[in-house]
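A.B. asks: no sequence on hand, only this structure:
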């Protein structure tokens, strides 16, 4: 059944893969977009920084919203928000004001994502498997950034947004059909999640000032590859060091 811990980890990790990829494609795509629409540095700054406005304002809502309405509903909403705001970028990119608004919506959706996933993990993943759950979650985020770094510099910029936006819509179909949430009368105490940092990308600087071409930008993916490998190994080691505790955390594991 798709509500068992391993499938929950897989689905949520894939969501973070898409989350992380969608977050970093604009700093890559803004180089050809600026050439097309003739934005100055002030306009580019608004486009890139507007994401943070929505992101910072929605993270607290993610945790409390999931507790009240359920993780399935909030995560579905989050992925739909960030996927739609990604997919439709080419349709209104000619208006920098509309583009800034879409970036705020992207931040809102992605700000909801990780707190909701942490809520889902704390209520559905047994204690002896949580380290690897968070390890895979972080690793898939790094993989998403890596894939974006490898693929995006070689694609026509509108197709970048179509591709990664579509992945989110496909994920929602699997999530709605396959994940069955079981909410008990009592909520387990929330587990403080690990901090997931997002490194700022500087492809505009690399391209404009250092003369980097797409093959050079691809090398920025190396730290993310190492982060993924080491994070998963460390998570498995952490879980294996814990004493095994039999019995599920919730009815869904029965």
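C.D. replies: In hand now; what should we look at? Owing to the predicted nature of the structure, the values given are computational and were not obtained by experimental measurement.

A.B. asks: now residue 21. Nearest residue, chain neighbours left out?
C.D. replies: residue 144 (3.8 Å; Cβ to Cβ, 6 or more residues apart in numbering). (C-beta placed from N, C-alpha, C; glycine too.)

A.B. asks: also residue 136?
C.D. replies: In space, residue 136 is closest to residue 13, 4.7 Å off (Cβ to Cβ, 6+ apart).

A.B. asks: using the three-state scheme, assign that neighbour.
C.D. replies: helix (DSSP: H, G, I helix; E, B strand; the rest coil).

A.B. asks: ok, now how distant is it from residue 107?
C.D. replies: 21 Å (Cβ to Cβ, to the nearest Å).

A.B. asks: what helix or strand is the spatially most central residue of the chain located in?
C.D. replies: Per Cα atoms, centre = their mean, the C-alpha nearest to the average position across the chain is that of residue 19, at 2.1 Å. If you go by DSSP states H and E, residue 19 is part of helix 5-37.

A.B. asks: ditto for residue 147
C.D. replies: Counting by DSSP H and E, residue 147 is found in helix 130-151.

A.B. asks: helices or strands next to that helix in the packing?
C.D. replies: helix 5-37, helix 96-124, helix 157-178, helix 222-240 (3 or more Cβ pairs under 8 Å, 6 or more residues apart in numbering; DSSP states H and E).

A.B. asks: give me the below-cutoff pLDDT ranges for the stretch 1-150 of the chain.
C.D. replies: Residue ranges of the stretch 1-150 of the chain with pLDDT under 70: 1-3.

A.B. asks: these two touch, right, residue 175 and residue 77?
C.D. replies: No: checked against Cβ atoms under 8 Å, the pair residue 175 and residue 77 is beyond contact range at 11.1 Å.

A.B. asks: in the helix holding residue 147, what counts as buried?
C.D. replies: 130-149, 151 (16 or more other Cβ atoms under 10 Å).

A.B. asks: just checking, what packs against the helix or strand containing residue 57?
C.D. replies: Per DSSP H and E: residue 57 is located in helix 41-69. Packing partners of helix 41-69 (3+ Cβ pairs under 8 Å, 6+ apart): helix 5-37, helix 71-87, helix 96-124.

A.B. asks: residues contacting whatever helix or strand comes next after the shortest one, please?
C.D. replies: If I follow you right, that is helix 71-87. Remark: after helix 71-87, the chain's next helix or strand is helix 89-92, criterion DSSP H and E. Helix 89-92 is contacted from outside by 26, 98-99, 102, 157-158, 161-162, 165, using Cβ atoms under 8 Å, 6 or more residues apart in numbering.

A.B. asks: nearest to residue 64, of those residues?
C.D. replies: residue 102 (25.1 Å; Cβ to Cβ).

A.B. asks: got the contact list for the nearest residue to that closest one once chain neighbours are set aside?
C.D. replies: Ranked by Cβ to Cβ, 6+ apart and with sequence neighbours excluded, the top spatial neighbour of residue 102 is residue 85, at 4.6 Å. Under the criterion of Cβ under 8 Å, 6+ apart, the neighbours of residue 85 are 102-103, 105-106, 109.
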